[in-house]
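Colleague: Mind folding the following:
(2 chains)
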Amino acid sequence: MKMKMLIPRLYWGLMHLYPAALRAEFAREMQAVFETAWTQANQRGDALAFCARELGSLLWEAGRTHWVITLNPTGPIEQARAITRMASLLLSLFYLKVTLGGTETTMLLLNGILLAGVLAAWRWERQGVIVMLISALLAGFLLAFSLTHIPGYPALLWLAMIPAVLYPLPFVLFGGMLTVLSRVSAARQMA
Amino acid sequence: MNEHLPLTEATFFILLSLAPGGKHGYAIMQDVASLSSGRITLGTGTLYGALKRLLEQGWIARADDDDSDDEGRPRKVYTLTDTGRRILQAETDRLQQVAQVARLRLKGDTI
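Modeller: Numbers count the residues shown, from 1 in each chain, chains lettered A, B, ... in the order given. Prediction:
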């Protein structure tokens, strides 16, 4: 009984993955359709398959909608935002690909979190940017630490600082860009 | 008109579902499953993603329904526009032509 009530609430929560404008237009209607379909699925006894299908459908459509909005920016600010997002996505994918072949699991984890932050920034810009910055900076520190602790080599701290700064630098710039663009966009909307 | 063809199967069945008259979201979902003999089961997200695109293209229209659902929530009804009907007709003609060619080939005729 609890599960029957929990799933529609969970669906309502997951709908926050959609862009705000789309949610404002369709969320109530979608929730009503989902609840009716959920009741029917329970009566048929295929609740699990129904949940899997609905989850896949929601995630796919939410991702697709964000992607379409990014590829079709409406003004110069949205264009700059789209370019920043695409650049940060490509670079974070590149970082992840490079570390996938290595043995450094902490670095792999940090790059995974970095990618998650980049993706989250698509929907929750401020929170995503914070995750993106923290994981990029930590990865930079980790890189510096590992370079100054190579057995048999002297600890060239100043040399290790170069990759430590260069590694997170693009994401500091992307994060700064997204924050500034978000504020400009909000100020324009207010005006 | 032809630049929009071929339609995806989901789009074709959604338009086909609206051909006899207006329907609510859940009724479209059920009708698509029925028309496709259960082959296409639209998730709520997929259905509304498709409806949004069709509304933007002007192939369907959306209006408030006088009746509310069981929970008393207001409902929206979707209808096919003239453009949507023309697109559906064009896609049906295209499919019919494809089927006709295939049948002839299977009978051994050369075209």
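Colleague: which stretches of chain B aren't confidently modelled?
Modeller: Counting by pLDDT under 70, chain B contains low-confidence residues at B:70, B:110-111.
Colleague: do the same with chain A
Modeller: In chain A (pLDDT under 70), the answer is A:1, A:150-157.
Colleague: what's the residue of it at minimum distance from chain B in contact with, if anything?
Modeller: Using C-beta to the nearest C-beta, residue A:57 is the residue of chain A that sits closest to chain B, at 2.5 Å. For every residue, glycine as well, the C-beta is placed using N, CA and C. Residue A:57 is in contact with B:42, B:43, B:44, B:45, B:46, counting by C-beta atoms under 8 Å, 6 or more residues apart in numbering or on different chains.
Colleague: So which residues of chain B form strands?
Modeller: Here chain B has its strands, by DSSP state E, at B:60-68, B:74-80.
Colleague: okay, those in a markdown table with mean neighbour count and distance to residue B:90 next?
Modeller: A markdown table is the format used below for the strands of chain B (neighbours: other C-beta atoms under 10 Å in any protein chain shown; distance: least, C-beta to C-beta, whole Å):
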| stretch | mean neighbour count | distance to residue B:90 |
| --- | --- | --- |
| strand B:60-68 | 12 | 16 |
| strand B:74-80 | 18 | 13 |
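Colleague: Same list (those strands) but as CSV, adding distance to chain A.
Modeller: Shown next, in CSV, are these (distance: least, C-beta to the nearest C-beta, whole Å):
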stretch, distance to chain A
strand B:60-68, 9
strand B:74-80, 6
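Colleague: Could you point out which of these sits nearest residue A:11?
Modeller: Checking those against residue A:11 by C-beta to C-beta gives strand B:74-80 as the closest, at 18.2 Å.
Colleague: What lies in contact with the closest one?
Modeller: Under C-beta under 8 Å, 6+ apart, the answer for strand B:74-80 is A:29, A:32, B:15, B:18-19, B:21-25, B:28, B:51, B:59-65, B:67-69, B:88.
Colleague: hmm, 6 Å instead?
Modeller: A:29, B:18, B:22, B:24, B:60, B:61, B:62, B:63, B:65, B:68, B:69 (C-beta atoms under 6 Å, 6 or more residues apart in numbering or on different chains).
Colleague: out of the residues you listed, which one sits closest to residue A:23?
Modeller: residue A:29 (10.8 Å).
Colleague: Can you tell me which residue is spatially central in chain A?
Modeller: The residue lying closest to the centre of chain A (C-alpha atoms, centre = their mean) is residue A:119, at 1.8 Å.
Colleague: The host helix or strand of that residue: which residues count as buried?
Modeller: Per DSSP states H and E, residue A:119 falls inside helix A:105-123. Residues of helix A:105-123 classed as buried: A:107-108, A:110-115, A:117-123 (neighbour count, 16 or more other C-beta atoms under 10 Å in any protein chain shown).
Colleague: buried ones in the next helix or strand after it?
Modeller: Helices and strands here follow DSSP H and E; after helix A:105-123, the next one along the chain is helix A:125-147. Going by neighbour count (16+ other C-beta under 10 Å), the buried part of helix A:125-147 is A:125, A:128-140, A:142-144, A:147.
Colleague: of all of chain B, which residue lies closest to chain A?
Modeller: For chain B, C-beta to the nearest C-beta, closest residue to chain A: residue B:43, 2.5 Å.
Colleague: residue contacts, that residue?
Modeller: A:53, A:54, A:57.
Colleague: Can you tell me which of those is nearest residue A:177?
Modeller: Checking the contacts of residue B:43 against residue A:177 by C-beta to C-beta gives residue A:57 as the nearest, at 32.8 Å.
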